[in-house]
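Asks: Predicted model and sequence below, questions to follow.
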Amino acid sequence: SFRAEDVLVVQFDDDQLDESDELYSVLRDSVARRQAEGEVEGAAPAVRLARLGGTHVTPLTQDIFLPAEKVSEYASAAANVSPVIEAPRRSFLRDVD
């Protein structure tokens, strides 16, 4: 069984493969059932659905027009990355700058 304190289901407005509504309904109903059966202690987990512009592949894309100062800002925020990713990431950021 799936257990989480906060769930955000993201739906894109131009996604022909989307099943977010169904997933959201199943998760929401599961929380309601668990609450009714007394399985949830304290505040109930939040299940939210957000609708964004984009397609099925939007989560796989990156903003190639991001200003260089933002790239380095985001890179420093992601300091704890796997060593397998670190070398290509540094190379990419060096090329971008």
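Replies: Right, received. Where do you want to start? Numbering: from 1, shown residues only.

Asks: pLDDT below threshold where in the protein?
Replies: 1-2, 63-66, 74-86, 89-97 (pLDDT under 70).

Asks: can you give me the strands in it?
Replies: 6-14, 46-55 (DSSP state E).

Asks: now those in CSV, with mean neighbour count and distance to residue 24?
Replies: C-betas here are computed from N, CA, C, even on glycine. Compiled in CSV, the strands of the chain are given as follows (neighbours: other C-beta atoms under 10 Å; distance: least, C-beta to C-beta, whole Å):
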stretch, mean neighbour count, distance to residue 24
strand 6-14, 14, 5
strand 46-55, 13, 4
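
Asks: Go through these and name the closest to residue 32.
Replies: strand 46-55 (9.4 Å; C-beta to C-beta).

Asks: what helices or strands is that closest one leaning on?
Replies: Judged by 3 or more C-beta pairs under 8 Å, 6 or more residues apart in numbering; DSSP states H and E, strand 46-55 is in contact with strand 6-14, helix 20-36.

Asks: so how far is the first one off the chain centroid?
Replies: Pointing back at strand 6-14 there. 8 Å (C-alpha atoms, centre = their mean, to the nearest Å).

Asks: Could you do stretch 49-57 as well?
Replies: 11 Å.

Asks: residues making contact with it?
Replies: 8-18, 20-21, 24, 58 (C-beta atoms under 8 Å, 6 or more residues apart in numbering).

Asks: switch to 6 Å and redo it
Replies: Stretch 49-57 has contacts (C-beta atoms under 6 Å, 6 or more residues apart in numbering) with 9, 10, 11, 12, 13, 14, 15, 17, 24.

Asks: If anything else comes up later, I'll come back, but that's it for now.
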